[in-house]
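> just need the structure, nothing else, for what follows:
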Amino acid sequence: MNLEIKSTETSKVLVANDDPTQLMFLAVILDKMNLRASQATNGYEAFKLVRNAIDNYQKVFDLVILDLNMPVMDGHDACKKISKIF
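I've put the predicted structure just below:
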């Protein structure tokens, strides 16, 4: 199965993962797809990045990739909190 994702210059992705190796791996893949990625090491950081984008009237992320098992706040809780602000 081939998955083709068309991106624009302004596509923004947020990746939250507490494993530095996985963060690096995802950053390389997203870079090859011409996607601009921001990184967080836990769900709370991811939530803060989304909240800050909204508060500062910046473009919010087109895609959020969350690890489900992270310290501080896991991916499930981060997803719930992010969903509530929309």
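> what is the neighbour count of the closest residue to residue 76 other than its chain neighbours?
Among residues not flanking residue 76 along the chain, residue 68 sits closest, at 6.2 Å (CB to CB, 6 or more residues apart in numbering). Yep, even glycine has a C-beta here, placed from its N, CA and C like the rest. The number of residues packed near residue 68 is 13, by other CB atoms under 10 Å.
> assign residue 68 to helix, strand or coil.
coil (DSSP: H, G, I helix; E, B strand; the rest coil).
> show me the contacts for it.
74-76 (CB atoms under 8 Å, 6 or more residues apart in numbering).
> please redo it, this time with the cut-off set to 10 Å
For residue 68, the residues meeting the contact criterion (CB atoms under 10 Å, 6 or more residues apart in numbering) are 16-17, 43, 74-79.
> could you do residue 66 as well?
Contacts of residue 66 (CB under 10 Å, 6+ apart): 14-17, 40, 42-43, 46-47, 73-79, 82.
> now, which of these lie within strands?
Using DSSP state E, the members of those that fall within strands are 14-16, 40.
> check what pLDDT the residue nearest the centre of the chain gets.
By CA atoms, centre = their mean, the chain has its centre lying nearest to residue 14, at 1.8 Å. Predicted confidence (pLDDT) for residue 14: 97.
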